[in-house]
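In: Just the structure for this:
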Amino acid sequence: MSIAKQPLLEIDHIYIMVTPDAPEAAYLQSCGLLLLDDIMHHEDQGTASCIFLFKNRYLELAWVQNQEMMLQNSTEAGFEVVSSEPWRAIGASPFGVGLRYTGAERTLPFPTKKYHAEWMPPSEQINVIPKTSAAEPAYFILSDSLKHLEPPEEESTHPLGIQNLTHLAITVTSDTVLSPAAEFLTTNGVLQIKEGPAPLMELTFDNGTQKESVDCRPTLPLMIYY
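Out: Modelled structure (predicted):
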């Protein structure tokens, strides 16, 4: 019997672009998710974010603080950051997927662009993966020292009773031409990209053992299964 090969990449974290100061975070708290107290200010990127931390991944709600800085940074990084309000009108995806390598192998079947932000240690970087359409989520790969670490128990104990993110599905609009990266990530079981009428992120925790779900729409384009 053959042993399944471990995927080259796995999910580190995901983000959703929201309105300034993330009032949407309060809604997720009311649903039973634990929000970290600290707000992360990415001064050189023109954005800020708040985080819901799980044992193996985290969900980031991000927003634009400085439009000019954000646009400059997006050009340098090689991917466009869309703010919460315009994405619905222009058909762009409000999602991003941070990835990490699972082992020493680093050979990918698609190109990446190196990006270094001021807050990173000098030797660290993010590898941005090009995408074909604005309707696709942003994809990027983190250096080893930047990847998510298992949090203390008190910071990942959610009233909803969830622990580990076990599946990610992202819906893109039906006329989207997917990039080679999206095809690779889907084929290798890292995540699922599917077509639909509007962008949607679906998070499954603990393999859905409780057989419950939370529909966060219209506050957020998000479904949670647990």
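
In: Leaving aside the residues adjacent along the chain, what's closest to Ile162?
Out: Among residues not flanking Ile162 along the chain, Phe205 sits closest, at 3.9 Å (C-beta to C-beta, 6 or more residues apart in numbering). From N, CA and C alone the C-beta is placed, and that goes for glycine too.

In: Now do the contacts for the one you found.
Out: By C-beta atoms under 8 Å, 6 or more residues apart in numbering, Phe205 lies in contact with 54, 162-166, 224-226.

In: how about TSV for those, with secondary structure and distance to Ser133 added?
Out: Converted to TSV, the contacts of Phe205 look like this (DSSP: H, G, I helix; E, B strand; the rest coil; distance: C-beta to C-beta, whole Å):
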residue	secondary structure	distance to Ser133
Phe54	coil	29
Ile162	coil	32
Gln163	coil	34
Asn164	coil	31
Leu165	strand	25
Thr166	strand	27
Ile224	strand	26
Tyr225	strand	27
Tyr226	coil	31
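
In: top of these by neighbour count?
Out: Counting neighbours by other C-beta atoms under 10 Å, Ile162 comes out on top of the contacts of Phe205 with 26 neighbours.

In: close enough to count as contact, that residue and Phe54?
Out: Yes. Counting by C-beta atoms under 8 Å, Phe54 is a contact partner of Ile162 at 7.0 Å.

In: coming back round to it: which residues pair with the residue nearest to Ile162 across the strands?
Out: On the basis of DSSP bridges, Phe205 is bridged to Leu165.

In: how close does it sit to Asn164?
Out: 6 Å (C-beta to C-beta, to the nearest Å).

In: Quick check: neighbours shared by these two?
Out: Phe54.

In: Identify the bridge partners of His13.
Out: The partner residues for His13, given DSSP bridges, come to Tyr58, Gly98.

In: Identify each buried residue in stretch 139-159, please.
Out: 139-143, 146, 148, 151, 156, 158 (16 or more other C-beta atoms under 10 Å).

In: and the two most separated of those residues?
Out: The most widely separated members of the buried residues of stretch 139-159, counting by C-beta to C-beta, are Ser143 and His158 (28.1 Å).

In: Check which helices and strands the helix or strand containing Phe140 is in contact with.
Out: Following DSSP states H and E, the helix or strand that holds Phe140 is strand 138-142. Contacts defined by 3 or more C-beta pairs under 8 Å, 6 or more residues apart in numbering; DSSP states H and E place strand 138-142 against strand 95-101, strand 126-129, helix 180-187.

In: Output these as JSON lines; include the columns mean neighbour count, mean pLDDT and distance to Asp37.
Out: Formatted as JSON lines, the helices and strands packed on strand 138-142 follow (neighbours: other C-beta atoms under 10 Å; pLDDT from 0 to 100; distance: least, C-beta to C-beta, whole Å):
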{"stretch": "strand 95-101", "mean neighbour count": "21", "mean pLDDT": "96", "distance to Asp37": "21"}
{"stretch": "strand 126-129", "mean neighbour count": "21", "mean pLDDT": "92", "distance to Asp37": "25"}
{"stretch": "helix 180-187", "mean neighbour count": "18", "mean pLDDT": "94", "distance to Asp37": "32"}
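
In: Figure out which of those is closest to Pro109.
Out: That would be helix 180-187 among the helices and strands packed on strand 138-142, by C-beta to C-beta, at 6.0 Å.

In: For the closest one, what is the distance to the chain centroid?
Out: For helix 180-187, the separation from the chain centroid amounts to 16 Å (computed by C-alpha atoms, centre = their mean, to the nearest Å).

In: Residues contacting it, please?
Out: Contact with helix 180-187 is made by 9, 97, 99, 108-110, 129-132, 136, 139, 191-193, as judged by C-beta under 8 Å, 6+ apart.
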